[in-house]
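S.K.: Structure, please.
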Amino acid sequence: MLPRWSRAVTHLCKSAGIRSNIENSRYRDFSVFSCRGFAKVADARVIDDGAEDASAVRSQVNLNKMFWSKPCSLALPADSPIRFEERKYTGIKHIMMKLMLAYSKESRSIERANVIYRRVVYHVDPPAIYDVFNLEKTFRTNFSLLVLHMWLILHRLKEEGDEAADLAQNLYEIYNHDVELRVYNAGVNLLLARWMKELEKIFYGSVAAYEAALVPEAKQDELQNALFRNVFAEEGVSIEDALHEVQAMSRYVRREIACMSLTGQILLVHLALGPLYTMMM
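M.R.: The predicted model follows:
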């Protein structure tokens with residue numbers, strides 16, 4: 001069993017010298033991929049068939065005007081086709097499902113975690129987010145955005161306290177299993193356990209950096225710096241080169257955090273994660 005994410009993050013954020021570790025270790029960005037050639041392995045599931053149209057889409061995006069709108073709840077309306085409703089059975093079906101532990105606390109937690117994770121993947125895998133932030137769609141960027149959005153959810157679940165601990169743990173384990181499949185599908189079938197260990201360290205390092213950027217005493221540009229290191233940084237690319245994209249993503253992250261705080265205590269099963277296409281209008 002993997003350690004509970006909340007315990008691990010708390011430990012990371014309270015450890016002595018956490019900021020210097022983030023700044024100076026190999027987890028300050030994804031250079032570990034570059035030096036070992038992993039960044040060049042693109043996940044076949046995230047290749048955009050319409051890549052030739054990407055420049056046209058990007059030219060229509062004005063990053064300076066994005067993500068300034070007032071935060072609002074991300075709960076889906078009652079008539080939404082993708083709204084999740086827990087299964088309700090009556091009669092013999094209800095008895096059978098109960099005997100199969102379908103209504104147990106753990107079963108419901110796993111079901112909700114699966115719904116939330118599907119929403120995360122729905123937000124991370126399509127090309128819109130890459131077009132908006134001018135990112136090349138590779139395993140590296142896909143993983144970095146997956147980590148970012150996982151952190152957004154886990155950060156929100158902390159507001160629920162102990163009640164959401166099991167949900168957060170189940171969500172993390174679903175994520176971890178999906179990452180293993182993504183690594184395998186990217187062509188890494190040797191030393192898979194070693195790669196998973198590296199990715200787990202990157203996950204915790206990124207989460208610690210994002211959490212540190214939100215504390216009251218953090219510098220104003222600390223979140224921007226964390227996003228650049230973990231999402232945009234590549235060899236030969238400075239933060240000035242991607243400044244507009246980094247600033248826009250910083251606004252996006254802060255807005256999503258505010259929106260999720262307004263979403264209500266329904267354990268995020270109705271969460272829409274603020275689709276980018278609605279914010280671009």
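S.K.: where in the chain is pLDDT low?
M.R.: Residue ranges of the chain with pLDDT under 70: 1-60, 81-91, 93-104, 265-281.
S.K.: quick one: buried residues of the longest helix along the chain?
M.R.: Criterion DSSP state H: the longest helix present in the chain is helix 192-214. For helix 192-214, the neighbour count (16 or more other C-beta atoms under 10 Å) marks 195-196, 198-199, 202-213 as buried. To be clear about C-beta, it is placed using only N, CA and C from the backbone, and glycine gets the same treatment.
S.K.: And for stretch 160-168?
M.R.: Ala164, Ala165, Asp166, Leu167, Ala168.
S.K.: Which element is encountered next along the chain beyond the strand or helix carrying Phe143?
M.R.: Taking DSSP states H and E as the definition, Phe143 sits inside helix 139-157. Later in the chain than helix 139-157, the nearest helix or strand by DSSP H and E is helix 165-185.
S.K.: Which elements pack onto that next one?
M.R.: When contacts are defined as 3 or more C-beta pairs under 8 Å, 6 or more residues apart in numbering; DSSP states H and E, helix 165-185 sits against helix 5-14, helix 105-124, helix 139-157, helix 192-214.
S.K.: List the buried residues in that helix.
M.R.: 165-176, 179-180, 182-183.
S.K.: With just CA atoms, put that helix into PDB.
M.R.: The C-alpha coordinates for helix 165-185 follow below in PDB (Å, rounded to 0.1, in the frame of the first residue of the first chain):
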ATOM      1  CA  ALA A 165      -9.000  10.800   3.400                       C
ATOM      2  CA  ASP A 166     -10.100   7.400   1.900                       C
ATOM      3  CA  LEU A 167     -11.300   9.100  -1.200                       C
ATOM      4  CA  ALA A 168      -8.000  10.900  -1.700                       C
ATOM      5  CA  GLN A 169      -6.100   7.600  -1.200                       C
ATOM      6  CA  ASN A 170      -8.300   5.700  -3.600                       C
ATOM      7  CA  LEU A 171      -7.900   8.500  -6.100                       C
ATOM      8  CA  TYR A 172      -4.100   8.400  -5.800                       C
ATOM      9  CA  GLU A 173      -4.000   4.700  -6.300                       C
ATOM     10  CA  ILE A 174      -6.100   4.900  -9.400                       C
ATOM     11  CA  TYR A 175      -3.800   7.600 -10.700                       C
ATOM     12  CA  ASN A 176      -0.800   5.600 -10.000                       C
ATOM     13  CA  HIS A 177      -2.200   2.600 -11.800                       C
ATOM     14  CA  ASP A 178      -3.000   4.700 -14.800                       C
ATOM     15  CA  VAL A 179       0.500   6.200 -14.900                       C
ATOM     16  CA  GLU A 180       2.000   2.700 -14.900                       C
ATOM     17  CA  LEU A 181      -0.200   1.900 -18.000                       C
ATOM     18  CA  ARG A 182       0.800   5.200 -19.700                       C
ATOM     19  CA  VAL A 183       4.500   4.400 -19.100                       C
ATOM     20  CA  TYR A 184       4.100   0.900 -20.500                       C
ATOM     21  CA  ASN A 185       2.200   2.200 -23.500                       C
END
